[in-house]
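1. sequence and predicted structure are below.
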Amino acid sequence: DTAVSQTPKYLVTQMGNDKSIKCEQNLGHDTMYWYKQDSKKFLKIMFSYNNKELIINETVPNRFSPKSPDKAHLNLHINSLELGDSAVYFCASSQDLGGGYTFGSGTRLTVV
Amino acid sequence: KNEVEQSPQNLTAQEGEFITINCSYSVGISALHWLQQHPGGGIVSLFMLSSGKKKHGRLIATINIQEKHSSLHITASHPRDSAVYICAVRGAQKLVFGQGTRLTINP
């Protein structure tokens, strides 16, 4: 049973398209996150939700919109994809803001 | 300059060697995390520290809050320890990551 599952694992798409990445956790955690890992393997926070409420929104383009229908799900929708959006996107969860993290396996997005 | 600096950036060692990876940070934190990213890309949380020392198997993590420094040690290293090790500090609500240390253990 996967604790934090992301789909799809790989996503190749053309510039200008709109795509979504889904994330689900079955750990009962209250807080979920989206991180972006660039080509240099540097991880950076994008968004964080606590009990479906947005609590962190870093300086991410408006083309990125997170949606949390319930506290077990945090999806990431990206509009008008650009070449620079190519990266690995990781979903993670923690029991609360101070807890340990569990990461999903990542989604490798390639924009061509 | 990044708020979290790791050293070394790359480390190659022989099987059995004692490994130390260092992490220094410049911000106030509530906790420090050590993560392991496998060659396949998955990220695993190894430790969460707010003081002192923690041990799990052959892995030991220490933190000195006054000096804003943490170390991750691996005893009796093995090729399966080859991975990128990432230090991350929790400030106000979010994690800030170091650039990672790529460890390669040769048989």
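-> Noted; the coordinates are in hand.
2. chain A contacts on chain B?
-> By C-beta under 8 Å from any C-beta of the partner chain, the residues of chain B that approach chain A are B:30-31, B:33, B:35, B:37, B:41-45, B:48, B:84, B:86, B:88, B:90, B:93-97, B:99-100. The way it works is simple: take the backbone N, C-alpha and C, and place the C-beta from them, glycine included.
3. tell me what the helix or strand of chain B with the lowest mean pLDDT is packed against?
-> The weakest-scoring helix or strand in chain B, judged by mean pLDDT, DSSP states H and E, is strand B:95-97 (a mean of 88). When contacts are defined as 3 or more C-beta pairs under 8 Å, 6 or more residues apart in numbering or on different chains; DSSP states H and E, strand B:95-97 sits against strand A:43-50, strand B:83-90.
4. now do the first one against strand B:83-90, angle only.
-> This points to strand A:43-50. On the basis of axes from the mean of the first three to the mean of the last three C-alpha atoms, to 10 degrees, strand A:43-50 is oriented at 50 degrees to strand B:83-90.
5. if you count neighbours, what's buried in the very next helix or strand once past strand A:43-50?
-> Later in the chain than strand A:43-50, the nearest helix or strand by DSSP states H and E is strand A:53-57. For strand A:53-57, the neighbour count (16 or more other C-beta atoms under 10 Å in any protein chain shown) marks residue A:56 as buried.
6. before we move on, what about stretch B:70-78?
-> Neighbour counts over stretch B:70-78 (16+ other C-beta under 10 Å) mark B:70, B:71, B:72, B:73, B:74, B:77 as buried.
7. find the pair from those with maximum spatial separation.
-> Pairwise distances across the buried residues of stretch B:70-78 (C-beta to C-beta) peak at 18.7 Å, for the pair B:70 and B:77.
8. is any residue of the host helix or strand of residue A:76 near chain B?
-> Assigned by DSSP H and E, residue A:76 belongs to strand A:73-78. No. Figure legend: strand A:73-78 not in contact with chain B (C-beta under 8 Å from any C-beta); closest approach 14.9 Å.
9. contact partners of that strand?
-> A:18-25, A:32-34, A:46-47, A:49, A:63-69, A:85, A:89, A:91, A:109 (C-beta atoms under 8 Å, 6 or more residues apart in numbering or on different chains).
10. now with 7 Å?
-> With C-beta atoms under 7 Å, 6 or more residues apart in numbering or on different chains as the contact definition, strand A:73-78 has outside contacts at A:18-24, A:32, A:34, A:49, A:63-68, A:85, A:89, A:91.
11. show me which of these are buried.
-> Buried, going by 16+ other C-beta under 10 Å: A:19, A:21-24, A:32, A:34, A:49, A:64, A:66, A:68, A:85, A:89, A:91, out of these.
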